[in-house]
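> sharing a model that was predicted from the sequence below.
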Amino acid sequence: MQNLLSEIKQCTICEPHLDLGANPVVSGSPNAKIVIIGQAPGTKVHKSGIPWDDASGKQLRKWLNVSDEDFYDTEKFAIVPMGFCYPGKGTSGDKPPRKECAPLWHQLLFDQMPNIELIILIGMYAQNYYLKDTAKRTLTETVDNYPEYLPRYFVLPHPSPRNRFWLTKNPWFEKEVLPILKEKIAAVLT
């Protein structure tokens, strides 16, 4: 596993397309029980090299009801984004994650993590890639139908502060979905 992580962290396959150059951010261990698949690192994470080391990560840890210590414990959580590097600035927010990473690296990582009990799919890129035809028409519909994807997957919107309008328009998410998510995480980690 360490060899594979080292190889990924040296990857430069899409560097010509990256505004800030390649700096793959990924973590995990063969004992990881939960995989978090988000979009791609933002600029803060690109600089620090620490996954979810930003406001979105803080919100995600709150949603999961886990401490920073537990979240960054690779025996508990593997963090495998759709795109391992910051993709650059788009017209409204960051560009989509690069399409090279998931097909190139994800299965190789999963093959070395036999203890995975839950995969958390954050945002439409991860959901569309993994759920394929079973993903609903919109992220809201997919998240609203989260029980369909259990026990393997738990689907979430992105915890970015930019999504506050989505959270305000969909109060059922915090009332109905997050308590179930917290239960599932606690059950896997105990």
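Looks like it came in fine. Numbering: from 1, shown residues only.
> please make it C-alpha for all contacts and neighbour counts, starting now.
OK.
> number of nearby residues for Ile116?
By the criterion of other C-alpha atoms under 10 Å, Ile116 has 19 neighbours.
> let the chain start at 673 from now.
Yes, from this point I'll number from 673; that puts the last item at Ile788.
> any idea which element it lies in?
Per DSSP states H and E: Ile788 is located in neither a helix nor a strand.
> for Phe826, same thing?
Secondary structure from DSSP H and E places Phe826 in strand 825-828.
> what lines up beside that strand in the sheet?
With DSSP bridges as the test, strand 825-828 is paired with strand 790-794 (parallel).
> okay, buried residues for the strand it pairs with please.
790-794 (16 or more other C-alpha atoms under 10 Å).
> that strand: what's the following helix or strand?
Sequence order places helix 795-803 as the next helix or strand after strand 790-794, per DSSP H and E.
> buried set for the following helix or strand past that following helix?
Note on helix 795-803: by DSSP H and E, the next helix or strand toward the C-terminus is helix 811-816. Residues of helix 811-816 classed as buried under the neighbour-count rule (16+ other C-alpha under 10 Å) are 811-812, 814-816.
> list the helices and strands helix 811-816 packs on?
Counting contacts by 3 or more C-alpha pairs under 8 Å, 6 or more residues apart in numbering; DSSP states H and E, helix 811-816 packs against strand 825-828.
> what about the strand it packs on, average pLDDT?
Per-residue pLDDT over strand 825-828 has a mean of 98.
> run the chain-centre distance for that strand.
Relative to the mean C-alpha coordinate of its chain, strand 825-828 is positioned 10 Å out (C-alpha atoms, centre = their mean, to the nearest Å).
> can you point out the buried residues in it?
Neighbour counts over strand 825-828 (16+ other C-alpha under 10 Å) mark 825-828 as buried.
> same question, stretch 758-769
Going by neighbour count (16+ other C-alpha under 10 Å), the buried part of stretch 758-769 is 758-760, 766-769.
> relative orientation of the lengthiest helix in the chain and strand 790-794 in degrees?
Identified as the longest helix of the chain according to DSSP state H is helix 850-861. For helix 850-861 against strand 790-794, the angle by axes from the mean of the first three to the mean of the last three C-alpha atoms, to 10 degrees is 140 degrees.
> helices or strands up against helix 850-861?
The contact analysis (3+ C-alpha pairs under 8 Å, 6+ apart) places helix 850-861 against helix 727-736.
> just checking, what packs against the helix it packs on?
Helix 727-736 makes packing contacts with helix 850-861 when contacts are defined by 3+ C-alpha pairs under 8 Å, 6+ apart.
> pull the distance from the helix it packs on to the chain's centre.
Chain-centre distance of helix 850-861: 16 Å, with C-alpha atoms, centre = their mean.
> and what of stretch 727-738?
Worked out by C-alpha atoms, centre = their mean, stretch 727-738 lies 12 Å from the chain centre.
> related to what we said a few turns ago, identify the farthest-apart pair in the buried residues of strand 790-794.
Farthest pair in the buried residues of strand 790-794 (C-alpha to C-alpha) is Leu790 and Ile794. Separation: 12.7 Å.
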